[in-house]
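Trainee: Okay, here's the prediction I keep looking at, along with the sequence it came from:
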Number of protein chains: 2
Amino acid sequence: MLTIGQLAAYAGVTQRAVRHYHQIGLLPEPQRDSSGYRSYGAQAVVDLIRIRTLAEAGVPLARVQDLLEAGEEEFAAAVAEIDSRLRAEIRDLQEHRRRIARLAGGDSLALPAEVVAYLDKLRASGASEAMVAGERDAWILIAARWPEKIPAFMADKSAQLDDPRTVRLYLLIGELAAGGMDEAEVTDLDEDRLGEVADLMAEMNEESAQRGDLERQSEEMGDDAFIALMDSFASDSHPMVQRLQELLAERGWTGWSRMERTTSPDTSRAARGVAPG
Amino acid sequence: MLTIGQLAAYAGVTQRAVRHYHQIGLLPEPQRDSSGYRSYGAQAVVDLIRIRTLAEAGVPLARVQDLLEAGEEEFAAAVAEIDSRLRAEIRDLQEHRRRIARLAGGDSLALPAEVVAYLDKLRASGASEAMVAGERDAWILIAARWPEKIPAFMADKSAQLDDPRTVRLYLLIGELAAGGMDEAEVTDLDEDRLGEVADLMAEMNEESAQRGDLERQSEEMGDDAFIALMDSFASDSHPMVQRLQELLAERGWTGWSRMERTTSPDTSRAARGVAPG
DNA sequence: TCGAGGGTTGACGCTGCGTCAAGGTCAAGC
DNA sequence: GCTTGACCTTGACGCAGCGTCAACCCTCGA
């Protein structure tokens, strides 16, 4: 008669595994000797080896019993099913490998290739790393919401970067962002830059509107809640955004992620002494 | 501001997953609103999407944080390591598929091909299914103990099956086994068969001994405990085995799985009136 | 005001054991 | 007879990544 350790050694498994099989009823509990030790016969070794053979072939323990008792046909069917499960798992892992491989570059985390290309172009145009990171996060959000529209968006944005005014715009914004923009620290230089930025944006919005781009955009991005989220993302990122929104409001524009014309320019700030563009 | 459900929807995950990430500290707990609801900003969506991107690429959650904070070099190294882990898992699963495929036939469970071939030959020689099953289990044990010796063993056994006496032996044993062999039911016919079996075994043992096979066997199978296990396996399987051992003892042989000559024939049963072979 | 559809924490379940913890048992050597 | 070390026992937590109740609170529209 064998102890559990001997049994386990003969079958090439751990004692813990044997106890586990007892616990789940896969291997019957043997008799105990006078001191309470489990006492196994040779049949247990055979049973255990057959269990292990199936388990090591990827059969879930819960199905091992059935398989051992199955006739040829059921057995073949079950084997086929288990094999297809294994194939599916392998497919999943291969998909993981493909995804992992695509994560090689830093920006590509969660971003389609078009956006990565755009960000590279943006960086090349002289935009600061902080700005690129901000854009990246924004596009992560947009790509999650409208993945199918990313190619079109990116074509637009990329074309805009060919306009020197856009480059200038990002440069100015980068400088403003670098400056901190805390309440007390707004310099005259900052004010000048803000004015120029607002002017540029208003000008380019006007052109977009005339091309009908803005209208198209409003239709495509009909999810107001999501737009609000994007706007809050922008204004959370830097206090400058709020200031710019005010300046833009004076120039007849509202919104941020999705610009819209106001019926009448807001002149409240002008009344308070700030000259409109 | 977003509730957990909205956050989860934007990022394409379940609420449970989000709470899980909070629990393991992967995503910081956001502020609560007046009613205790979690209240998320847009940044949380971005963070969550980046976490998911890594997780869906097979990165263990425990490593996601590191990867998100890693520089390019560490990131590349980590990615390489994760990829090799994925490859290893795929290899394991493919190994499982290979094993599963080999389990197509019934006997092959836990048996090398040589043994399956031998069992088929045995079956073809007219042995009963019960006998084949017994042999199969015995060889499962032996293959587990001495896998490397199986080919040689099987060559021997297969050759033995070419001897008509061996076929006769198995036939007789099969008939005896089918009969039950309970104490009260031992018929004269059974006695005759037992005698013939014992004679045949003694005769063939003698020849084996003269060829030196037995000695070689004793050297190769030096594990006495294992031999005792095999013997107990045999005698557990059918009471006939004990009777045969007695008869063989009268003819000068002891053991079962590994036969050895006794120094002097046991004549105790002869003394009690049973005629030796 | 009520019901539907949000949200909250807490806890178990799944897979296949590994790994303590806190002991009792056995064989061997002193 | 005592110690030592290698066995054995049961019980319980841990692991990865959530799914799925349970039991209860909050909010909003009809």
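Mentor: In hand now; what should we look at?
Trainee: Give me the distance between the nearest residue to A:Arg102 once chain neighbours are set aside and DNA strand C.
Mentor: Excluding its sequence neighbours, the residue lying closest to A:Arg102 (CB to CB, 6 or more residues apart in numbering or on different chains) is A:Ser108, at 6.2 Å. Every C-beta, even on glycine, is put in place using the N, C-alpha and C of the backbone. With distances taken as CB to the nearest atom of the strand, to the nearest Å, A:Ser108 is found 30 Å from DNA strand C.
Trainee: Give me the contacts around stretch A:62-75.
Mentor: A:24-26, A:50-51, A:54-55, A:59, A:78-79, A:82, B:103, B:106, B:109 (CB atoms under 8 Å, 6 or more residues apart in numbering or on different chains).
Trainee: which one in these is the model shakiest on?
Mentor: Minimum pLDDT for the contacts of stretch A:62-75 is recorded at B:Gly106 (57).
Trainee: For the contacts of stretch A:62-75, which ChimeraX command selects only the ones that are buried?
Mentor: Selection command for ChimeraX covering only the buried members of the contacts of stretch A:62-75, criterion 16 or more other CB atoms under 10 Å in any protein chain shown:
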select /A:26,50,51,54,55,59,78,79,82 /B:103,109
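Trainee: Out of the contacts of stretch A:62-75, which is nearest to DNA strand C?
Mentor: The nearest member of these to DNA strand C, counting by CB to the nearest atom of the strand, is A:Ala55 at 4.8 Å.
Trainee: pretty sure that closest one belongs to a strand, no?
Mentor: No. Using DSSP: H, G, I helix; E, B strand; the rest coil, the assignment for A:Ala55 is helix, not a strand.
Trainee: and it, what does it touch?
Mentor: Taking CB under 8 Å, 6+ apart as the test, what A:Ala55 contacts is A:61, A:64.
Trainee: let's see 10 Å
Mentor: A:13, A:17, A:21, A:26, A:61, A:63-64, B:96 (CB atoms under 10 Å, 6 or more residues apart in numbering or on different chains).
Trainee: For DNA strand C, what is the nearest residue in the stretch 151-277 of chain A?
Mentor: Closest point on the stretch 151-277 of chain A to DNA strand C, by CB to the nearest atom of the strand, is A:Ala225, at 13.2 Å.
Trainee: residues near that residue, how many?
Mentor: When neighbours are counted by other CB atoms under 10 Å in any protein chain shown, A:Ala225 registers 10.
Trainee: Tell me where the model's unsure across chain A.
Mentor: Residue ranges of chain A with pLDDT under 70: A:104-107, A:180-186, A:263-277.
Trainee: mind redoing it with 90?
Mentor: Within chain A, the segments meeting pLDDT under 90 span A:69-78, A:98-113, A:130, A:172-194, A:213-225, A:235-240, A:242-243, A:262-277.
Trainee: list the contacts for the closest residue to A:Tyr37 other than its chain neighbours?
Mentor: Excluding the flanking residues, the one nearest A:Tyr37 by CB to CB, 6+ apart is A:Thr3, at 5.8 Å. Shown in contact with A:Thr3 (CB under 10 Å, 6+ apart): A:9, A:15, A:33, A:37-40.
Trainee: how much space between A:Thr3 and A:Leu200?
Mentor: Using CB to CB, to the nearest Å, A:Thr3 is found at 85 Å from A:Leu200.
Trainee: So for chain A, the centremost residue is which one?
Mentor: A:Ala110 (4.6 Å; CA atoms, centre = their mean).
Trainee: That one against B:Ile49, yeah?
Mentor: Yes. A:Ala110 is in contact with B:Ile49 according to CB atoms under 10 Å; the separation is 5.1 Å.
Trainee: And the helices in the stretch 151-277 of chain A?
Mentor: A:164-178, A:188-211, A:213-220, A:224-237, A:240-250, A:268-271 (DSSP state H, counting those that start in this stretch).
Trainee: Can you tell me which of these is most buried?
Mentor: Ranked by mean neighbour count, the helices of the stretch 151-277 of chain A are led by helix A:240-250 with a mean of 19 (mean count of other CB atoms under 10 Å in any protein chain shown).
Trainee: Name the nearest residue to A:Gln245, ignoring sequence neighbours.
Mentor: Counting by CB to CB, 6+ apart, the residue nearest A:Gln245 is A:Trp256, at 6.2 Å.
Trainee: Please name the nearest non-neighbouring residue to the residue in the stretch 1-150 of chain A that DNA strand D sits nearest to.
Mentor: Across the stretch 1-150 of chain A, no residue is closer to DNA strand D than A:Gly5, which sits at 2.5 Å (CB to the nearest atom of the strand). Leaving aside its chain neighbours, A:Gly5 sits nearest to A:Gln15 (5.9 Å; criterion: CB to CB, 6+ apart).
Trainee: can you check A:Ala57 too?
Mentor: B:Arg99 (3.7 Å).
Trainee: What residues does A:Arg85 make contact with?
Mentor: Applying CB under 10 Å, 6+ apart to A:Arg85 gives the contacts A:58-60, B:93, B:96, B:100.
Trainee: my bad, should have said A:Thr53
Mentor: Residues near A:Thr53 by CB under 10 Å, 6+ apart: A:11, A:59, A:64, A:68, B:99, B:102-103, B:108-111, B:140.
Trainee: can you rerun that using 8 Å?
Mentor: By CB under 8 Å, 6+ apart, A:Thr53 lies in contact with B:99, B:103, B:109-110.
Trainee: same deal with A:Gln15?
Mentor: Counting by CB under 8 Å, 6+ apart, A:Gln15 has contacts A:4-5, A:8.
Trainee: ok so, going back, now, of the contacts of A:Arg85, which are buried?
Mentor: Applying a neighbour-count criterion of 16+ other CB under 10 Å, the buried members of the contacts of A:Arg85 are A:58-59, B:93, B:96, B:100.
Trainee: was I right about A:Trp253 contacting A:Arg261?
Mentor: Yes. Using CB atoms under 8 Å, A:Trp253 is in contact with A:Arg261, at 6.3 Å.
Trainee: Spell out which residues of chain A are next to DNA strand C.
Mentor: A:14, A:16-17, A:20, A:33-36, A:55, A:60-62 (CB under 7 Å from any atom of the strand).
Trainee: taking the residues you listed one by one, which sit in strands?
Mentor: Among these, no member falls in strands (criterion: DSSP state E).
Trainee: In PyMOL, select just the buried ones from those.
Mentor: The following PyMOL line selects those of the residues of chain A next to DNA strand C that are buried, judged by 16+ other CB under 10 Å:
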select buried, chain A and resi 17+55
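Trainee: Leaving out the residues flanking it, which one is nearest to A:Glu129?
Mentor: Spatial nearest neighbour of A:Glu129, excluding adjacent residues (CB to CB, 6+ apart): A:Arg123 at 7.6 Å.
Trainee: buried sites along the helix or strand encompassing that neighbour?
Mentor: Using DSSP states H and E, A:Arg123 falls within helix A:113-124. Within helix A:113-124, the residues that count as buried by 16+ other CB under 10 Å are A:114-116, A:118-119, A:122.
Trainee: Can you tell me which of the residues you listed comes closest to A:Ala133?
Mentor: Nearest to A:Ala133 among those, counting by CB to CB, is A:Leu119 at 9.2 Å.
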